[in-house]
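# A predicted structure for the sequence below; I have some questions about it.
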Amino acid sequence: MKILGVDPGKRTGWAFLYCEKGEHLKLGIFGVTEDLTLLEIQPQVAEADLVVYEDYKVRPKMARKGDFDWDPMWGPRAIGSLLTLCALLQKETVIQQPVERIPGFGFAGMKYVPGKKGRHWQDALAHAAKYGVSKLGALPVAGS
């Protein structure tokens with residue numbers, strides 16, 4: 001199965017992962033796009049068997065502090081584009097919360113560093129890996 005992981009935002013990360021039950025995950029190609037329509041990654045969405053993406057929620061405590069004042073909401077915009085693209089291409093989608101990427105880093109053979117910026121494709125890969133291991137019965141990347 002070919003899973004496309006997506007980390008939506010102003011810079012949307014994407015990464016392919018190949019997985020089969022009982023076999024080690026295999027990493028594929030990855031990248032980052034600033035195209036909020038996500039048409040730039042339409043070929044990748046079309047090629048995927050399944051799309052796993054990170055959710056976006058406004059956290060009340062942060063909102064009350066004003067963290068979202070005048071926020072352009074890049075993440076929700078990209079998610080809307082992704083869901084439209086997936087619907088048009090008849091692709092199944094799976095939504096994950098941001099915290100679910102943390103074990104996915106280990107499954108993909110990467111180290112999770114809290115607060116590290118600019119790791120969009122790595123977050124996308126971590127979401128795909130989390131799904132592949134926890135839901136499809138694949139094994140973590142060999143050596144991780």
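Received the coordinates, thanks.
# Going by C-alpha atoms from here, please, whenever you check contacts or count neighbours.
Noted.
# For the helix or strand of the chain with the lowest mean pLDDT, what is the distance to the chain centroid?
Lowest by mean pLDDT, DSSP states H and E among the helices and strands of the chain is helix 60-64, with a mean of 86. For helix 60-64, the separation from the chain centroid amounts to 24 Å (computed by Cα atoms, centre = their mean, to the nearest Å).
# which residues touch it?
Under the criterion Cα atoms under 8 Å, 6 or more residues apart in numbering, residues 68-69 lie in contact with helix 60-64.
# Next secondary structure after that helix?
Downstream of helix 60-64, the next assigned helix or strand under DSSP states H and E is helix 74-88.
# The helix or strand just after that following helix vs helix 74-88, what angle?
Going down the chain from helix 74-88, the next helix or strand is strand 92-96, by DSSP H and E. Strand 92-96 and helix 74-88 are oriented at 160 degrees to each other (axes from the mean of the first three to the mean of the last three Cα atoms, to 10 degrees).
# Got phi/psi on D7?
Main-chain dihedrals, D7, degrees, to the nearest 10: phi -110, psi 90.
# same deal with F68?
According to degrees, to the nearest 10, F68 has phi -110, psi 10.
# With the one 3 residues further on instead?
With angles defined as degrees, to the nearest 10, D71 shows backbone torsions of phi -70, psi 130.
# Tell me, how many residues neighbour it?
D71: 8 surrounding residues under other Cα atoms under 10 Å.
# Quick one, grab the pLDDT at it.
With respect to pLDDT, D71 scores 88.
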